[in-house]
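Enquirer: When you get a sec, could you give me coordinates for this:
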Amino acid sequence: MNMVVKSNSVQPQPPIKTNILESILVASFTITALLIILPCEFINGSPVPSLIFKGLPSAFHAFVVCLVFAFSGALSALLIHDNSFIAKFFKYSSMASMTTALALLIWAIVK
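Expert: This next block holds a predicted model:
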């Protein structure tokens, strides 16, 4: 006798896509590592890369904060590695932070 038993248990959801998160993680780490080797000028005691953010210390500080948020959000989402609300929150916040960081970088280059 072949009986199919259906349970009311919640099926596990597939893990979130890691391609975008891994890209954000690698890109934010690489950009941060490159910032260390760029020539800097000191404005009010803070180093600001003179090639890109010359005369824009506030934009540079916002850029660094966005990189930190992008890195920490991507790493947190990868470490949680499920499709829960908090993992999605970290994923979307890291995507938004990386987008903002890239927008600040493009703005500083064009300006």
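Enquirer: residues contacting the residue positioned nearest the centre of the chain?
Expert: Closest to where the C-alpha atoms of the chain average out (CA atoms, centre = their mean) is Ala70, at 1.9 Å. By CB atoms under 8 Å, 6 or more residues apart in numbering, the residues touching Ala70 are 24, 27-28, 94-95, 97-98, 101. Every C-beta, even on glycine, is put in place using the N, C-alpha and C of the backbone.
Enquirer: Sort out which one of those residues lies nearest Pro47 for me.
Expert: Ala101 (17.7 Å; CB to CB).
Enquirer: Just after the helix or strand containing Leu79, pick out the following helix or strand.
Expert: Using DSSP states H and E, Leu79 falls within helix 57-80. Going down the chain from helix 57-80, the next helix or strand is helix 85-110, by DSSP H and E.
Enquirer: buried set for that following helix?
Expert: In terms of neighbour count (16 or more other CB atoms under 10 Å), helix 85-110 has its buried residues at 87, 90-91, 93-95, 97-98, 100-102, 104-105, 108.
Enquirer: Nearest to Pro49 among those residues?
Expert: With CB to CB as the yardstick, the closest approach to Pro49 among the buried residues of helix 85-110 comes from Ala108, at 9.1 Å.
Enquirer: so that closest one sits right up against Gly55, yeah?
Expert: No: at 9.6 Å, Ala108 and Gly55 do not qualify as touching, with contact defined as CB atoms under 8 Å.
Enquirer: For the residue nearest to the centre of the chain, report the pLDDT, please.
Expert: Per-residue pLDDT puts Ala70 at 97.
Enquirer: That one and Leu51: what is the separation?
Expert: Ala70 is 21 Å from Leu51, where distance means CB to CB, to the nearest Å.
Enquirer: low pLDDT regions in this structure?
Expert: 1-18 (pLDDT under 70).
Enquirer: picking that back up, could you redo the buried residues of helix 85-110 as TSV and give each row distance to Leu35?
Expert: Formatted as TSV, the buried residues of helix 85-110 follow (distance: CB to CB, whole Å):
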residue	distance to Leu35
Ala87	28
Phe90	23
Lys91	24
Ser93	21
Ser94	18
Met95	21
Ser97	16
Met98	15
Thr100	16
Ala101	11
Leu102	14
Leu104	13
Leu105	11
Ala108	12
